[in-house]
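A.B. asks: Make a model of this:
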Amino acid sequence: FTLIYILFIYLFKTFLFISCCMNTPNKYLYGVLLFPHKPASPAPRPSSLHRILCLCILPLKYFYGLRLTVQGSENLNIKEPYMIVSNHQSYLDLLGMMEVLPDRCIAFALLYMGPVGLSCWCCNFIFIDRKKRTSPPLLFSLPLLVQLRVWVYLEGTRNPKDTMLPFKREAFHLAVKTQVNLPIVNIKSVEGAGAQFYCWNWTSRILPRIETQGLGPKDVPELAENVCKTMQETFDEISSEVYGKKKVKE
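C.D. replies: Okay, here's the model as predicted:
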């Protein structure tokens, strides 16, 4: 079934090209490609679903002409639970996430929010409603209990600009309460990504983890400020490298 599905994706290239030229939102194209996968799956283990989904989605980078660059992937070679904190620039981030997405991951996302929700659903990810304040206390110890990873977009929404939006602190409270480490994933995609069918650059830099052992609730503001400063500095470095080299060639 996987081979047939991949063949279907390649045959779908013409439709993708026409749709992109007509400015059809790419999130709906992702949804069409991802939706048939779940019902036909024989319900393997989550790790198997994760690998199959990555295999099916990654060929799309050739359709979009997307150049994926992942730096520092060795910083995610961690056996214990951890929480990935990241920024979110465009719907193309889904393709880049497939390059570094760890097994057994929790998604702070809504199921009905387009391609990201559908893809996480296909991987049997656990969904957490961030707006629901009545979550059971067990949720705060969940990563430690079942060896899960958590991926959080700290800004709470997509932000294509070059400056970070104010971070949501719920993620830092969860990290401090569970004493898990915080690997940082900085994402930079070419301005205008997701609008037209041409070649884009998508760069992700994974920074060494930040230790939270010994920190308490009173340390959350300082922790959030340090992470924000580190992410903004790294984002500026990536922007300078990507756009700087591009301008020299032009």
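
A.B. asks: Show me what the longest helix anywhere in the chain is packed against.
C.D. replies: When the chain is parsed with DSSP state H, its longest helix is helix 220-249. With contacts taken as 3 or more Cβ pairs under 8 Å, 6 or more residues apart in numbering; DSSP states H and E, helix 220-249 sits against helix 170-178, strand 182-189, strand 200-210. Where you see a C-beta, it was placed from the backbone N, CA and C, and this is true even at glycine.

A.B. asks: Quick check: which of those is nearest to Lys161?
C.D. replies: Among the helices and strands packed on helix 220-249, strand 182-189 comes nearest to Lys161, with 11.5 Å by Cβ to Cβ.

A.B. asks: Ser239: neighbouring residues, count only.
C.D. replies: 14 (other Cβ atoms under 10 Å).

A.B. asks: wait, I meant Leu66
C.D. replies: Counted with other Cβ under 10 Å, Leu66 comes out at 19.

A.B. asks: any idea how far it is from Trp151?
C.D. replies: 20 Å (Cβ to Cβ, to the nearest Å).

A.B. asks: before we move on, what about Glu80?
C.D. replies: Taking Cβ to Cβ, one finds Glu80 at 16 Å from Trp151.

A.B. asks: Which of these two has more residues huddled nearby?
C.D. replies: Trp151 (23 against 10).

A.B. asks: Check the secondary structure at the more buried one for me.
C.D. replies: strand (DSSP: H, G, I helix; E, B strand; the rest coil).

A.B. asks: what is it paired to in the beta sheet?
C.D. replies: In this entry, Trp151 is beta-bridged to Ile84, Ala107, by DSSP bridges.

A.B. asks: Is it correct that it is in contact with Asn87?
C.D. replies: No: in this structure Trp151 lies outside contact range of Asn87 using Cβ atoms under 8 Å: 11.8 Å.

A.B. asks: can you pull the pLDDT of Thr134?
C.D. replies: Per-residue pLDDT puts Thr134 at 50.

A.B. asks: Revised request: answer the last question for Asn201.
C.D. replies: As predicted, Asn201 sits at a pLDDT of 75.

A.B. asks: so it bridges to which residues?
C.D. replies: Arg67.

A.B. asks: The one 4 residues further on now?
C.D. replies: Beta-bridge pairing for Arg205 (DSSP bridges): Gln71, Asn186.

A.B. asks: Contacts only, for it.
C.D. replies: Counting by Cβ atoms under 8 Å, 6 or more residues apart in numbering, Arg205 makes contact with Gln71, Gly72, Val185, Asn186, Thr234, Glu237, Ile238.

A.B. asks: Check the spacing between it and Gln213 real quick.
C.D. replies: Counting by Cβ to Cβ, the gap from Arg205 to Gln213 is 24 Å.

A.B. asks: cool, and Thr203?
C.D. replies: From Thr203 to Gln213 the distance is 31 Å (Cβ to Cβ).

A.B. asks: again, but for Glu225
C.D. replies: Per Cβ to Cβ, Glu225 is found 19 Å from Gln213.

A.B. asks: thinking again about what came up before, comparing Thr203 and Gln213, which residue is more hemmed in?
C.D. replies: It is Thr203, of Thr203 and Gln213, that has more neighbours when counted by other Cβ under 10 Å, with 20 against 8.

A.B. asks: Go ahead and confirm that one touches Phe235.
C.D. replies: No: Thr203 is not in contact with Phe235 according to Cβ under 8 Å; the separation is 9.9 Å.

A.B. asks: joint contacts of these two?
C.D. replies: Counting by Cβ under 8 Å, 6+ apart, the shared contacts of Thr203 and Phe235 are Lys188.

A.B. asks: how about low-confidence regions in this protein?
C.D. replies: Under the criterion pLDDT under 70, the flagged ranges of the chain are 1-58, 64, 102-147, 189-200, 242-250.

A.B. asks: Can you give me the neighbour number for the closest residue to Ala171 other than its chain neighbours?
C.D. replies: Nearest-residue entry for Ala171: Val152, 4.3 Å, with adjacent residues in sequence omitted and distances by Cβ to Cβ, 6 or more residues apart in numbering. By other Cβ under 10 Å, the residues close to Val152 number 25.
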